[in-house]
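Participant: My questions are about this predicted structure, shown below with the sequence.
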Amino acid sequence: MQVSITEKQEQTLNFIRDYFLDKGIAPSLSELQEALEISTKRGVVSHLEALERKGFIIRTGGARGIQIQGEEHYEYLIGIPILGYANAGTPLATAQEDYIGTLKVDSKLLKKKSDLFSVIIKGDSMNKHCLDKVPLSNGNYVIVEKESEINDGDTILAIIDNSATIKIFKKQNDMIILYPNSYNSTHQPIYLNKDREDIINGKVVAVFQNPTL
């Protein structure tokens, strides 16, 4: 039996679909409220509840926690926020979270699906280093896992003097050493006290080539 929905519910569902395709994530309640010209967030929630009862969506309870039922075309994509730039060289760029877009990535390409963000590489100190045969070259996207155990040889994103940099991590005696891996011989390691692990902002778990370069 075909389930019927109201015109407003159909508008809500269509907006969720379009938003997901455009940004790779579900819209927030505020964005739904504005787009659909609904006077209150409670009004938005009532439409979402109706769509969930009728089997069109699933609500997970988290922020932007809406999934479209029975449409894998939307559900297999993960939206990963791009939070700015990180130097793969001398850490000169100020490390400020600056949302500049969303990467839409097939969930099968990543082992973990949450606590991820992306940054765009600036510089050439890691251009000899590859993950899954993709180099950490200038302009490429790296995916960073926030909460992850860091071991020797891992590629990490570090914040040094309020600046972001990507390097290879090694702990040796009383030091943390952040190594470059570059065809440019001018790049040198960074030596830090062993207690400075708090500067590690996450582990680089994937790199994707930027096709526009």
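Facilitator: That came through, no problem.

Participant: from here on, contacts and neighbour counts on C-alpha atoms
Facilitator: Noted.

Participant: so what's V45 up against?
Facilitator: Contact analysis of V45 by CA atoms under 8 Å, 6 or more residues apart in numbering lists L29.

Participant: Which SSE is immediately downstream of the longest helix belonging to the chain?
Facilitator: Across the chain, the longest stretch assigned as helix under DSSP state H is helix 7-23. Following helix 7-23 in sequence order, the next helix or strand is helix 29-36 (DSSP states H and E).

Participant: Quick check: buried residues in the next helix or strand after that following helix?
Facilitator: Downstream of helix 29-36, the next assigned helix or strand under DSSP H and E is helix 41-53. If you call a residue buried by 16 or more other CA atoms under 10 Å, then helix 41-53 has these buried ones: V44, H47, L48, E49, L51, E52.

Participant: Give me the average confidence score over the longest helix of the chain.
Facilitator: The average pLDDT within helix 7-23 is 85.

Participant: about what we covered before: tabulate the buried residues of helix 41-53 (a markdown table), appending distance to L13 and pLDDT.
Facilitator: As requested, the buried residues of helix 41-53 are exported to a markdown table (distance: CA to CA, whole Å; pLDDT from 0 to 100):
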| residue | distance to L13 | pLDDT |
| --- | --- | --- |
| V44 | 11 | 93 |
| H47 | 9 | 94 |
| L48 | 9 | 94 |
| E49 | 12 | 93 |
| L51 | 8 | 92 |
| E52 | 10 | 90 |
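
Participant: so how far is the longest helix of the chain off the chain centroid?
Facilitator: Distance of helix 7-23 from its chain centroid, counting by CA atoms, centre = their mean, to the nearest Å, is 22 Å.

Participant: what does stretch 183-194 give?
Facilitator: Computed by CA atoms, centre = their mean, the chain-centroid distance of stretch 183-194 equals 27 Å.

Participant: for stretch 193-212, same thing?
Facilitator: 12 Å.

Participant: With stretch 50-58 instead?
Facilitator: Relative to its parent chain, stretch 50-58 has a centroid offset of 27 Å by CA atoms, centre = their mean.

Participant: picking up where we left off before, pick the one among the buried residues of helix 41-53 closest to F20.
Facilitator: L48 (15.4 Å; CA to CA).

Participant: if we can go back for a sec, and the longest helix of the chain with helix 41-53, angle?
Facilitator: Inter-element angle recorded for helix 7-23 and helix 41-53: 90 degrees (by axes from the mean of the first three to the mean of the last three CA atoms, to 10 degrees).

Participant: For helix 7-23, name the packing helices and strands.
Facilitator: On a contact count with 3 or more CA pairs under 8 Å, 6 or more residues apart in numbering; DSSP states H and E, helix 7-23 meets helix 29-36, helix 41-53, helix 72-75, strand 101-106.

Participant: do that again at 10 Å, thanks
Facilitator: helix 29-36, helix 41-53, strand 66-68, helix 72-75, strand 77-87, strand 101-106 (3 or more CA pairs under 10 Å, 6 or more residues apart in numbering; DSSP states H and E).

Participant: quick one: contacts of that helix?
Facilitator: Helix 7-23 is contacted from outside by 4-6, 24-28, 31-33, 35-36, 38, 44, 46-51, 56-57, 66-68, 71, 73-75, 77-81, 101-104, using CA atoms under 10 Å, 6 or more residues apart in numbering.

Participant: just stretch 181-189 next, same as before
Facilitator: Applying CA under 10 Å, 6+ apart, the contact partners of stretch 181-189 are 88-90, 124-130, 136-137, 167-168, 177-180.
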